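A.B. asks: return atomic coordinates for the entry below.
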Amino acid sequence: MCRLRESSLFLWLLTILLVSSCVPSLAPAHPIALPDESFAWSVSAAISPNGARHYVFDQCDSDACKIAYYRAHGGNPFLRLEITPSPPFYGFYRYYLYPDIAVTDDDQVFVVWYVGGASNHTIINGILYASIVTDTVSIDSVTNLAMVSRQPPKVIARGTYVYAVYAMYDGVEGLQWRYRQLQPLDAEGNIGGSDTVYASRPQLGIDSQGDLHAVYRLTDGSKQTIAYWKTGTISETILAITENNEQHLILPDMVLDPDDTAHVVVGITTTTGISLAILSLALSPTAPITTEIPLTNTLQPWSLYGQPHLVNGIPYTSYVTETMGVPAMTGITSTLVVFSAKNSELSEPEIWVYSPRHTSLMRITNNAWADGEPLITSVDHAPVIGWRTIDGSGCQRDVYTWDTIHGIRQIHTSASTDACHRGYALVGQGKWGSGIWIDSLSDDDDTAVPWVVFNAYRTYLPIIQR
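C.D. replies: You can find the predicted model right below:
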């Protein structure tokens, strides 16, 4: 067994990790076994302020799909509720797919999901949401949000504010994303101003005043734009644009910092490589402060796997001082960007981290395999990164995490090298973090594997059978 000493100097830790190929493994988490010949497409997770974990995933068999909701506060999660579609009717089956979950500060749980099905040549689809009363294990309400939709919905909460976001598709011109405020008010409207172009699934944030922010990519033929929007005061604002087939805008991500400033990571792919930048909208969305992410030109062409992701509110002291050994700057926070990419020196994509407060681009993996699109969150104001490896056929495999104390750790080894695994999620809330992923035993036999990433001291607590 290989053991790595903890250190506050990230460079020392990174050197050890790169020189030695030893990656510590954790005790395996106890999976949630789906019924025989059942499989799942997607999974989502949320954490209450008191540390309770909430997991939802779609559970499918040969006839239909339903939503399974699990909750845990210690030990193994247990099934709290199944949301089941109506029985078949004249050959028509309803499918509940692509759930998303959010939890308010007072522990109210909201779930949204996609409804699909077919009868002869008629496609029936829409979006539903449910408010789940966790103490009585029941659905407080189920409301139809949209009857024509072709995209997975999203739900987001901050404090007591909750928004559901979903797509409306008219089958002719384009795709329009809409929002519905679920509480404390009942309000709804369009995100952006055009329904004649195709809009990507938006990245969302809620500020301290309860306003919803969104960033997304619009595609209209060969023209692509990255747009930012906010409820009430800011209409659709263009942040980046390209108008030829040799340039492609990367899907954006967005976070809000403690003073409600939006930060957006944008990128462009050309015939010679990629470029990435962070846009800070502190002054105005029409005049963003741009920070280029330093991808070494001599290593072009760089190529990205998936999209980059952001986290904010990381205190300068907890990230830069702890990991880089430089003097603290009290009250300063940092935005971190994480992405998977390869360049002319790498045969497979690796995981990279960048902070505008520290101008170096840091590579945190050195593997003989491909590292997939990473997710990032914060636990007790410290960054946590999670990702799955990718095999030669593009299937997700083993699960890894990185943090500033332990470096890289392998969380899970996939149960099967034949089946193609699907879906993973990583979330943080205050001093707690958690993740969940789908592990396929075969093409039609899955398990969902949840785990606790960290407690307040960033100590791993794998979920075990109790």
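A.B. asks: endpoint to endpoint, stretch 209-223 covers what distance?
C.D. replies: 34 Å (Cα to Cα, to the nearest Å).
A.B. asks: chain center to that stretch, what's the gap?
C.D. replies: Centroid displacement of stretch 209-223 relative to its chain, using Cα atoms, centre = their mean, to the nearest Å, is 17 Å.
A.B. asks: buried stuff in it?
C.D. replies: 210-219 (16 or more other Cβ atoms under 10 Å). Quick note: C-beta positions are derived from backbone N, CA and C, even for glycine.
A.B. asks: the residues you listed in strands, which ones?
C.D. replies: 212-219 (DSSP state E).
A.B. asks: for the helix or strand harbouring residue 95, C-alpha coordinates in CSV please.
C.D. replies: Per DSSP states H and E, residue 95 falls inside strand 93-103. Output of strand 93-103 as CSV, limited to C-alpha atoms (Å, rounded to 0.1, in the frame of the first residue of the first chain):
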residue,chain,number,x,y,z
TYR,A,93,-45.9,4.4,-21.9
ARG,A,94,-44.7,7.4,-19.9
TYR,A,95,-41.1,7.8,-18.9
TYR,A,96,-39.9,9.9,-16.0
LEU,A,97,-36.3,10.8,-16.8
TYR,A,98,-33.4,13.3,-16.0
PRO,A,99,-34.3,14.4,-12.5
ASP,A,100,-32.7,17.3,-10.8
ILE,A,101,-32.9,18.1,-7.0
ALA,A,102,-32.4,21.2,-4.8
VAL,A,103,-32.8,21.8,-1.1
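A.B. asks: against which helices or strands is that strand packed?
C.D. replies: strand 43-47, strand 53-60, strand 65-72, strand 109-119, strand 154-158 (3 or more Cβ pairs under 8 Å, 6 or more residues apart in numbering; DSSP states H and E).
A.B. asks: helix or strand right after the helix or strand bottoming out on mean pLDDT in the chain?
C.D. replies: None of the helices or strands of the chain scores lower by mean pLDDT, DSSP states H and E than helix 10-19, at a mean of 36. Heading C-terminal from helix 10-19, the first helix or strand you meet, by DSSP H and E, is strand 32-33.
A.B. asks: quick one: contacts of that following strand?
C.D. replies: With contacts defined as Cβ atoms under 8 Å, 6 or more residues apart in numbering, strand 32-33 is touched by 55, 70, 77, 447-450.
A.B. asks: list just the nearest of those to residue 145.
C.D. replies: residue 55 (22.1 Å; Cβ to Cβ).
A.B. asks: specify the angle between the strand holding residue 95 and strand 53-60 in degrees.
C.D. replies: Using axes from the mean of the first three to the mean of the last three Cα atoms, to 10 degrees, the inter-axis angle of strand 93-103 relative to strand 53-60 is 170 degrees.
A.B. asks: for strand 93-103, what does the pLDDT average out to?
C.D. replies: In this model, strand 93-103 has a mean pLDDT of 86.
A.B. asks: swap in stretch 377-389?
C.D. replies: 87.
A.B. asks: would TSV of the ones in strands among the buried residues of stretch 209-223 with pLDDT be doable?
C.D. replies: Below are those laid out as TSV (pLDDT from 0 to 100):
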residue	pLDDT
212	96
213	96
214	96
215	96
216	94
217	93
218	90
219	87
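A.B. asks: reformat the residues you listed as TSV; add distance to residue 186.
C.D. replies: Converted to TSV, these look like this (distance: Cβ to Cβ, whole Å):
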residue	distance to residue 186
212	14
213	20
214	19
215	25
216	24
217	29
218	28
219	32
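A.B. asks: which single one of the residues you listed is nearest to residue 155?
C.D. replies: For these, the residue nearest residue 155 by Cβ to Cβ is residue 212; the value is 11.5 Å.
A.B. asks: list the contacts for the closest one?
C.D. replies: Residue 212 makes contacts with 156, 163, 165, 179, 181, 204-206, 230-231, as judged by Cβ under 8 Å, 6+ apart.
A.B. asks: many thanks, have a good one.
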